[in-house]
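A.B. asks: have a look at this prediction, sequence included:
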Amino acid sequence: MDATGVILVVGPEGNMPTTSPGSGRSRLGFADAVKESFVFLVSGFGFRLVEAQPTFVRYESERAFVNVFHGRGSYELGVEIGHWIVIDDDRVEERFPLGDVIALDHDLATVGYRSFATTEKEPLARLVAQLAGWTQRFAPRALEGDATTFDRLRVENARQSQAMQEGWRATRLRSAADEAWHRKDWGRVVDAYGEMVSELRTVDLKPSELRRLRYAQEQLDSSR
C-alpha cells in the first residue's frame, strides 16, 4: 500500500469474491461511489440498477449487465461486463473483466489500466471513478451488448487458455528434453522437442533448443 492507501494488484483481475463482507464495509461508501460514477450506464446506455450492496453493485439492460465489486477479502476493485447466452436450453451469464474488454483494441499499459485494492474511503471513490471512466471510454460496444464484441472476447479467452495450457506442457517437455540431453538420450531429445514443434501452436523453440534438436537428430542419423 502506498501513502494514498492504494494497493496495486499484481495478477489477473475479475474474479468475484466469495466470502461475506466484514463488518463496517458500508462506511467505505462503495455502493454510493459506484452509483455516482457509473450513472452514465443509466443515462446513456439504458441500464437499470438492480442490486447495490456494500461490496457489490449490479446494473442490467435488455442485452448486457455490469458488475462492479470491491473484493470482500482482497479489497480489490473491479468491473465485469457480460451478457446472457443459451447453453443446452439454459440461459446463463457469460462475463469478462474490464481489462479483457479494453485489451481487445488497446494496449493496457498505454491506457494506464491496472488493478487496484484499497481499504480506505477517499481513494476508493477516486478509483471507482477511474474504473467508470475506463468503462465508459473503452467498453461502449460491450455495454451495448454487441454480439461481435463478445464473440471476440470468447475467442481471445480461449486463446489465452490454450496458451497457458500449452505453456505448462512446454515446461514439462523442456525439462524432459534437458534431462535427456545430459543423458545423451538423443531419441528422447528429438521426441520432446518434436512434440513441441508439431503440437504446441503457441510455443516456439528457442534458438538453443533448435540447435539441440538438430544436433540430436544428426546423432541419431549417424548411428543408423
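C.D. replies: Good, I have the coordinates.

A.B. asks: residue 209 belongs to a helix?
C.D. replies: Yes: checked against DSSP: H, G, I helix; E, B strand; the rest coil, residue 209 lies within a helix.

A.B. asks: i'd like the first residue to be 27 from this point on
C.D. replies: Happy to do that; since the first residue is 27 now, the last one works out to residue 235.

A.B. asks: in stretch 78-87, which residues are buried?
C.D. replies: Within stretch 78-87, the residues that qualify as buried by neighbour count (16 or more other Cβ atoms under 10 Å) are 80, 81, 82, 83, 84, 85, 86, 87. C-beta here means a position set from N, CA and C on the backbone, and glycine is covered the same way.

A.B. asks: now, which of these sits nearest residue 94?
C.D. replies: residue 83 (4.7 Å; Cβ to Cβ).

A.B. asks: longest strand of this protein, counting residues only.
C.D. replies: strand 102-113 (DSSP state E).

A.B. asks: name the residues that touch stretch 209-226?
C.D. replies: Residues from elsewhere that reach stretch 209-226, judged by Cβ atoms under 8 Å, 6 or more residues apart in numbering: 192, 195-196, 199-200, 202-203, 206-207, 229, 231, 235, 238-239, 242-243, 245-246, 249.

A.B. asks: need the helices for this structure, in chain order.
C.D. replies: 56-63, 66-71, 124-129, 134-137, 147-164, 166-169, 173-209, 212-225, 233-248 (DSSP state H).

A.B. asks: let me know which of those is the nearest to residue 110.
C.D. replies: Nearest to residue 110, of those and by Cβ to Cβ, is helix 173-209 at 10.3 Å.

A.B. asks: sorry, back to before: the helices of the chain: which one's closest to residue 95?
C.D. replies: helix 56-63 (8.7 Å).

A.B. asks: give me the buried positions along that closest one.
C.D. replies: Quick answer for helix 56-63 (16+ other Cβ under 10 Å): 56, 57, 59, 60, 61, 63.

A.B. asks: who touches stretch 181-195?
C.D. replies: Here stretch 181-195 has contacts from 122, 126, 129, 130, 226, 227, 228, 229, using Cβ under 8 Å, 6+ apart.
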